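Student: Show me how the following folds:
(2 chains)
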Amino acid sequence: MLRLSCSRLLKGSRASAFPLRVPSLVAQAQWRQYSAAPALTKDIIQERIVELFESYDKTAGKEILPSSSFTRDLGLDSLDTVEVVMEIENEFSIIIPDHEADEIKTVQQAIDFIASQDDAC
Amino acid sequence: MNPKVRQLYKDLLWLAKNYPGDYPKIRDKLHDGFIRNARVSSGEELEKCLEHGEFIAKELQSLYFLRTYRAVKRNYYD
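Tutor: Model prediction:
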């Protein structure tokens, strides 16, 4: 009898002291697997975009700065811009919708857009 | 830029990637073709140009199909 009440008491106290913990989704999202690819930071994005422009033959010898404008500084026309945006889509495996693509006019805007995309890699 | 024109340019560029010969050459050709009709902005003329572009895309697709067919025929039947 005493044992039973003790165990009941224990059970009760245990339940209150250690409530059942369900791992929240927020906590899970904060884990990073060490086998995963490194997180995409703005510096990495910039590096990769500059590399992309250097390999593109129309902008090969030019200096690529975040502030450079596609049309004014890099001498690309609207069709070349479409091509560059397409290359960026391939590079980061994202799809840039037309109305967003119209907004991208400088290297910095491209970097910001990619950084805002969760599925860019 | 008209979204239809942009989409056509993207499609043709994508198709041009596998075209025999060097890629910059066919890309510049495509670019010149679009620039030549840059003043066309709307109406019947635009529809006509778009139709012509789609025709070229279909031609490219059938050429690729033919190339695959010939390669298979050469390897398996000749």
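
Student: Would you mind listing what in chain B touches chain A?
Tutor: B:M1, B:P3, B:R6, B:Y9, B:K10, B:L13, B:W14, B:P24, B:R27, B:H31, B:F34, B:I35 (CB under 8 Å from any CB of the partner chain). No exception for glycine: its C-beta is placed from N, CA and C like everyone else's.

Student: And the longest helix seen in chain B, what does it pack against?
Tutor: The residue-count maximum for a helix in chain B (DSSP state H) belongs to helix B:44-76. The helices and strands touching helix B:44-76, judged by 3 or more CB pairs under 8 Å, 6 or more residues apart in numbering or on different chains; DSSP states H and E, are helix B:3-16.

Student: Next, the angle from the helix it packs on to helix B:44-76.
Tutor: 20 degrees (axes from the mean of the first three to the mean of the last three CA atoms, to 10 degrees).

Student: still on that earlier bit, take the residues of chain B next to chain A and write them to TSV, including neighbour count and pLDDT.
Tutor: Below are those laid out as TSV (neighbours: other CB atoms under 10 Å in any protein chain shown; pLDDT from 0 to 100):
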residue	neighbour count	pLDDT
B:M1	15	81
B:P3	12	87
B:R6	19	91
B:Y9	21	94
B:K10	16	93
B:L13	19	93
B:W14	13	92
B:P24	12	90
B:R27	20	92
B:H31	18	93
B:F34	19	92
B:I35	12	92
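
Student: Tell me how far B:Y19 lies from B:E59.
Tutor: For B:Y19, the distance to B:E59 equals 11 Å [CB to CB, to the nearest Å].

Student: returning to that earlier point: between all of the residues of chain B next to chain A, which two are at the greatest distance?
Tutor: Spatial extent of these (CB to CB) is set by the pair B:P3 and B:P24 at 25.9 Å.

Student: Tell me where chain A has helices.
Tutor: A:2-17, A:25-29, A:42-55, A:78-92, A:98-103, A:107-116.

Student: Using PDB, write out every CA atom in the third one.
Tutor: Which is helix A:42-55. Presented in PDB, the C-alpha positions along helix A:42-55 are these (Å, rounded to 0.1, in the frame of the first residue of the first chain):
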ATOM      1  CA  LYS A  42      26.400  37.600 -49.100                       C
ATOM      2  CA  ASP A  43      30.200  37.300 -49.500                       C
ATOM      3  CA  ILE A  44      29.900  33.900 -51.100                       C
ATOM      4  CA  ILE A  45      27.100  35.100 -53.400                       C
ATOM      5  CA  GLN A  46      29.100  38.100 -54.500                       C
ATOM      6  CA  GLU A  47      32.200  35.900 -55.200                       C
ATOM      7  CA  ARG A  48      30.200  33.500 -57.300                       C
ATOM      8  CA  ILE A  49      28.400  36.300 -59.200                       C
ATOM      9  CA  VAL A  50      31.700  38.100 -60.000                       C
ATOM     10  CA  GLU A  51      33.100  34.700 -61.200                       C
ATOM     11  CA  LEU A  52      30.000  34.300 -63.400                       C
ATOM     12  CA  PHE A  53      30.600  37.800 -65.000                       C
ATOM     13  CA  GLU A  54      34.300  37.100 -65.500                       C
ATOM     14  CA  SER A  55      33.500  34.000 -67.400                       C
END
